[in-house]
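Trainee: Okay, predicted coordinates and the sequence, questions at the end:
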Amino acid sequence: MSATLTRRLAVAAAAGVVLAGAAWWTSAEAGGQDGDRDAGAEVATTTAPVTRRDLRATEEVDGTLGYGEARLVANQRQGTVTALPAEGAVVSRGRALYRVDGKPVPLLYGRLPAWRELSVGVDDGPDVRQLEQNLVALGYDPDRAITVDDHFTRATRAAVERWQEVLGLKATGTVRPSDAVWQPGPVRVATRKASVGDSARPGSPLLEATGTGRQVTIDLDASRQPYVRAGDRVDLELPGGRTTTGRVTSVGKVASVPAGDGGDATPTVELVVSLDDPEATGRLDQAPVEASITTEVRKGVLAVPVNALLALAEGGYAVEVERDGRRQLVGIETGLFADGQVEVDGEGLRAGDQVVVPL
């Protein structure tokens, strides 16, 4: 094992335990040198096995259970707002997200914003493909005449006309930027920014929407960012003591300081955790949770209890090994500290050896 074995996050926390372990040994040694050790000064000891095991280091952090970052939805039509969904409502593809002058503005799925009219003769582009994908998914191409690509064809126009007729709109075969709201997927209405009866002007805010998947967001100390990866398991404790689990889905790459904090604030990155069982969270929203994040895993390493470590006067650590009724010191290199155990490597040290620990 290399002398550069990483100790990562748990080293500082374990240091106090290591020194405590060293104290019982040095105290016993000092008593023996005096030749006047009394029974009350002796520290009772026992032995514990050296094991080969996986070690998992964790970090306890605070998080917030919710639906992710809210995105502003702005109106693109001129008129009067005549319908808005309730806060908490979920809207899926093809459904009206709001109405202006009684006419629906439906939700369509796509990451590209609408910036131009789409009709026969328009230049090819990915926004055409995005539209065709939605028309096909909503069933407006029953004869399967559309080839989903970047080209707006007569088949595309026919599908647009069917869609407009179902919405109660004039069947022009042309899609304007104000005819739909484009979002990556179904949305949940987080906050209404307008009310029914308000004047609808292009660009005026209507509502804030999030995705529909429940997740936990964590402002992680930026210094911990290198130790957390997408796919890492996260144990979560919900309000009331309920527990569940999740997986890291994304780790922020840009550190920021929370707004309003002073100059001494700790920079953080955003960590997003998806839930293995979303139903386990009930109806909680914007609720505080405690998260235990796995920051490192070492597989199949030799490990001993942390309190078996002895600090040597010349530096470094040793463990006292009991073999055949005799005890001897074995110098070791330490690795990961986790779960009350520490990864060790020492000449001749092997799984099954017994190391001395204080009772």
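Mentor: Looks like it came in fine.
Trainee: Poorly predicted segments of the protein, please.
Mentor: Using pLDDT under 70 as the threshold, the predicted model of the chain has low-confidence ranges 1-42, 258-263.
Trainee: what do you get if the cut-off is 80, keeping everything else the same?
Mentor: Of all residues in the chain, those with pLDDT under 80 make up the ranges 1-43, 258-264, 283-284, 294-295.
Trainee: Near residue 88, how many other residues are there?
Mentor: A count of neighbours around residue 88, defined by other C-beta atoms under 10 Å, yields 11. For glycine as for every other residue, the C-beta is placed from the backbone atoms N, C-alpha and C.
Trainee: That one: helix or strand, and which one exactly?
Mentor: No secondary structure element spans residue 88, as it lies outside all helices and strands (assigned by DSSP states H and E).
Trainee: mind giving me the domain ranges of the chain?
Mentor: Following automatic domain parsing, one finds the domains of the chain at 8-55+298-358, 60-67+214-297, 71-210.
Trainee: what are the phi and psi values for the nearest residue to residue 308 once chain neighbours are set aside?
Mentor: Using C-beta to C-beta, 6 or more residues apart in numbering and skipping the chain neighbours, the partner closest in space to residue 308 is residue 355 (4.4 Å). Dihedral angles phi and psi of residue 355 (degrees, to the nearest 10) take the values phi -110, psi 150.
Trainee: Please name the bridge partners of residue 355.
Mentor: residue 48, residue 321 (DSSP bridges).
Trainee: Quick check: it touching residue 321?
Mentor: Yes - here residue 355 reaches residue 321: they are 5.7 Å apart, a contact under C-beta atoms under 8 Å.
Trainee: Find the helix or strand that the closest residue to residue 133 other than its chain neighbours is a member of.
Mentor: In space, residue 133 comes closest to residue 148 once its chain neighbours are excluded; the distance is 5.8 Å by C-beta to C-beta, 6+ apart. Secondary structure here is read from DSSP H and E; on that basis residue 148 sits in neither a helix nor a strand.
Trainee: Tell me how far residue 190 lies from residue 158.
Mentor: Here the criterion is C-beta to C-beta, to the nearest Å. By it, residue 190 lies 37 Å from residue 158.
Trainee: Ok, residue 284 next?
Mentor: Using C-beta to C-beta, which is the criterion applied here, residue 284 is 46 Å from residue 158.
Trainee: same deal with residue 340?
Mentor: 69 Å.
Trainee: more neighbours, these two?
Mentor: Shown here are residue 340 and residue 158; by other C-beta under 10 Å, residue 158 has more neighbours (18 against 11).
Trainee: Torsion angles phi and psi at the more buried one?
Mentor: Geometry field for residue 158 lists phi and psi as phi -60, psi -40, criterion degrees, to the nearest 10.
Trainee: quick one on the thing from earlier: neighbours of the residue nearest to residue 133, how many?
Mentor: Using other C-beta under 10 Å, residue 148 has 16 neighbouring residues.
Trainee: again with residue 67
Mentor: Burial measure for residue 67: 19 neighbouring residues, criterion other C-beta under 10 Å.
Trainee: Next: residue 265.
Mentor: Other residues near residue 265 number 12, with proximity taken as other C-beta under 10 Å.
Trainee: Would you confirm that it contacts residue 255?
Mentor: No - the pair residue 265 / residue 255 is not scored as a contact, 11.0 Å apart, by C-beta under 8 Å.
Trainee: List the contacts of residue 196.
Mentor: With contact set as C-beta atoms under 8 Å, 6 or more residues apart in numbering, residue 196 has these partners: 81, 82, 83, 84.
Trainee: Now the last one: closest residue in space that isn't a chain neighbour?
Mentor: Read it as residue 84. For residue 84, ignoring the flanking residues on the chain, the nearest one in space by C-beta to C-beta, 6+ apart is residue 98 at 5.2 Å.
Trainee: do you know how far residue 139 is from residue 256?
Mentor: Noted for residue 139: a distance of 44 Å to residue 256, by C-beta to C-beta.
Trainee: got it, and residue 180?
Mentor: Spatial separation of residue 180 from residue 256 under the definition C-beta to C-beta is 33 Å.
Trainee: ok, those two, which is more surrounded?
Mentor: Neighbour tally, residue 180 and residue 256, criterion other C-beta under 10 Å: the higher count belongs to residue 180, 24 against 13.
Trainee: coming back round to it: distance of the residue nearest to residue 308 relative to residue 228?
Mentor: 32 Å.
Trainee: And these two? Which one has more around it.
Mentor: Taking neighbours as other C-beta under 10 Å, residue 355 and residue 228 compare with residue 355 leading, 24 against 21.
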